[in-house]
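Participant: Pasting the sequence and the predicted coordinates here, then a few questions.
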Amino acid sequence: MKSLLSLHFLQGKRTLALTALLAVMVFGFNNSVTAQEEEIDEATTEMVEGDSSSTDSAAMAIEAETVETVEEVAAPAPVEEVEEEKTFHQVLKGKFIDGKPIFMSFVLISLILGLALCIERILYLSLSTTNTKKLLNEVEGALSSNGVEGAKEVCRNTSGPVASIFYQGLERSDEGLDMVEKTMVSYGSVQLGLLEKGLSWISLFIALAPMLGFFGTVIGMISAFDAIAAANNISPGIVANGIGVALITTVSGLLVAMVLQVFYNYILATVDSIVNDMEDASISFIDLLVKHNAKK
C-alpha cells in the first residue's frame with residue numbers, strides 16, 4: 001500500500017511538474033508573442049505615422065502648388081497700357097495749354113487776323129485778274145462797230161482794274177491822247193492802291209507774331225529763375241515749366257510768322273502780275289485809240 005501510495009504521489013508530482021512546465025512554456029510563448037506583436041504594432045504605427053506625415057506634407061505641397069496655379073490662372077494677365085494716338089488737334093490743344101493761354105492767345109489772334117486778311121486779298125486779286133488780250137479784242141471790235149460808247153459798254157460789263165482803267169481813258173478820249181494817258185496813269189495808281197490794300201496789316205502781324213513769342217520766352221525764363229531762387233536749387237524739375245513756356249511761345253510765334261509770310265509773298269507776286277498786265281494793256285489801248293482817231 002505504501003509503495004502504491006508513494007507511486008501515485010510520485011506520478012502526481014511528475015504530472016504537476018509537467019503541467020507547471022507547460023504553463024511556463026505557454027506563458028512565456030504568449031509573452032514573446034505579445035512582445036513581438038507590440039513591436040510590430042509600434043513599427044507599423046511609426047510607419048503609418050511616417051507615411052501619414054509624408055502623405056500630409058505631400059498633400060500640403062500639392063495643395064500649395066494647386067493654389068499657386070489657381071492664383072496664377074485667376075490672376076489677370078498684366079494688361080499693357082496702350083497709349084491712344086493723339087490727333088493733330090489734341091496735340092495743338094495740349095501745346096497751347098502748356099505754353100500758357102495768356103501768351104498763346106495773342107499769337108493765335110495774330111494768326112487768325114493775318115489769315116483773314118490774306119484770304120480776303122487772295123479772293124479780291126482772283127476777281128481782279130482779267131484776260132487782257134480778250135478784252136483788247138472786244139474793245140477794238142466795239143470801237144470799230146459802235147465807236148467810243150460801244151467800247152465803254154464793253155468795259156462796264158467787264159470786271160477788274162484793267163477794264164476800269166480803259167473806261168476812264170475812254171471818258172477822256174475827246175480831250176486828246178495826252179489827257180487820256182494822264183488819266184489812265186492816275187487811275188492806274190488808284191487801282192494799284194486797291195490791289196495792295198491790307199498788305200501793311202499782314203506785314204504787321206508777320207512782325208508781331210515772333211515778337212509776342214519772344215515776349216513769352218522772356219516771361220518763361222523769368223519764371224524759371226524765380227523758381228530757382230525760391231527753391232535754392234537748380235534741378236531740372238524746377239526750371240522745366242518756365243523753359244517749356246519759353247520754347248513753346250517762341251516756336252508758335254515763328255510758325256505764325258512763317259505761314260503769314262508765305263501768303264504775303266504770294267499776294268505780292270499776284271499784285272505784280274496784275275500791275276504788269278495793266279501797264280501792257282494800257283499801252284495797247286493807247287495804240288487802239290490812235291488807230292481809231294486816225295480812221296476818223
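Facilitator: Nice, thanks for sending it over.

Participant: Contacts for stretch 105-120 next, please.
Facilitator: Residues outside stretch 105-120 that contact it (CB atoms under 8 Å, 6 or more residues apart in numbering) are 96, 198, 201-202, 205-206, 208-209, 212-213, 216, 249, 252-253, 256, 259-260, 263-264, 267. Quick note: C-beta positions are derived from backbone N, CA and C, even for glycine.

Participant: do stretch 165-185 as well
Facilitator: 135, 139, 148, 151-152, 155-156, 187-188, 191, 278, 281-282, 285-286, 289-290, 293.

Participant: if we go to 6 Å?
Facilitator: With contacts defined as CB atoms under 6 Å, 6 or more residues apart in numbering, stretch 165-185 is touched by 148, 151-152, 155, 187-188, 282, 285.

Participant: Give the residue spans of the chain that score low on pLDDT.
Facilitator: Within the chain, the ranges that satisfy pLDDT under 70 run 1-86, 88-101, 224-225, 227, 233-246, 296.

Participant: which residues in it form helices?
Facilitator: Along the chain, counting by DSSP state H, helices occupy 2-74, 88-98, 101-128, 132-156, 161-171, 177-195, 199-231, 236-295.

Participant: and residue 210, how far is that from residue 261?
Facilitator: For residue 210, the distance to residue 261 equals 10 Å [CB to CB, to the nearest Å].

Participant: So these two - more neighbours on which side?
Facilitator: Ranked by neighbour count (other CB atoms under 10 Å), residue 210 and residue 261 place residue 210 first, with 21 against 16.

Participant: count of residues packed around the residue nearest to residue 268 when sequence neighbours are not counted?
Facilitator: The shortest distance from residue 268 to any non-neighbouring residue, by CB to CB, 6 or more residues apart in numbering, is to residue 199 (7.3 Å). By other CB under 10 Å, the residues close to residue 199 number 16.

Participant: How about stretch 184-204, which residues are buried there?
Facilitator: Using 16 or more other CB atoms under 10 Å as the burial criterion, the residues of stretch 184-204 that qualify are 184, 187-188, 191, 195, 199, 202.

Participant: any idea which of the residues you listed is closest to residue 125?
Facilitator: For the buried residues of stretch 184-204, the closest approach to residue 125 (CB to CB) belongs to residue 195, at 6.7 Å.

Participant: Could you pull up the contacting residues of the closest one?
Facilitator: residue 271.

Participant: Any chance of a PyMOL selection covering the buried ones in the contacts of stretch 105-120?
Facilitator: This is how PyMOL selects the buried members of the contacts of stretch 105-120, with burial counted by 16+ other CB under 10 Å:
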select buried, resi 96+202+205+206+208+209+212+213+216+249+252+253+256+259+260+263+264+267
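
Participant: and residue 151, what is it in contact with?
Facilitator: 139, 142-143, 170.

Participant: Could you do residue 277 as well?
Facilitator: Taking CB under 6 Å, 6+ apart as the test, what residue 277 contacts is residue 132.

Participant: how close does it get to residue 133?
Facilitator: 10 Å.

Participant: Then residue 294?
Facilitator: 22 Å.

Participant: and what of residue 291?
Facilitator: 17 Å.

Participant: now residue 262
Facilitator: According to CB to CB, residue 262 stands 30 Å off from residue 133.

Participant: again with residue 163
Facilitator: 13 Å.

Participant: The two: which has the busier surroundings?
Facilitator: Just comparing residue 163 and residue 133: by other CB under 10 Å the higher neighbour count belongs to residue 163, 21 against 12.

Participant: what comes up buried for stretch 114-126?
Facilitator: So, applying 16+ other CB under 10 Å, buried residues of stretch 114-126: 114-115, 117-118, 121, 125.

Participant: Residue 87: which of these is nearest?
Facilitator: residue 115 (21.1 Å).

Participant: I'd like the distance between the closest one and residue 201.
Facilitator: 12 Å.

Participant: And for residue 192?
Facilitator: 17 Å.

Participant: and what of residue 158?
Facilitator: Counting by CB to CB, the gap from residue 158 to residue 201 is 29 Å.

Participant: got it, and residue 274?
Facilitator: For residue 274 relative to residue 201 (CB to CB), the value is 20 Å.

Participant: Equivalent analysis for residue 180, please.
Facilitator: 35 Å.

Participant: likewise residue 257?
Facilitator: Noted for residue 257: a distance of 14 Å to residue 201, by CB to CB.
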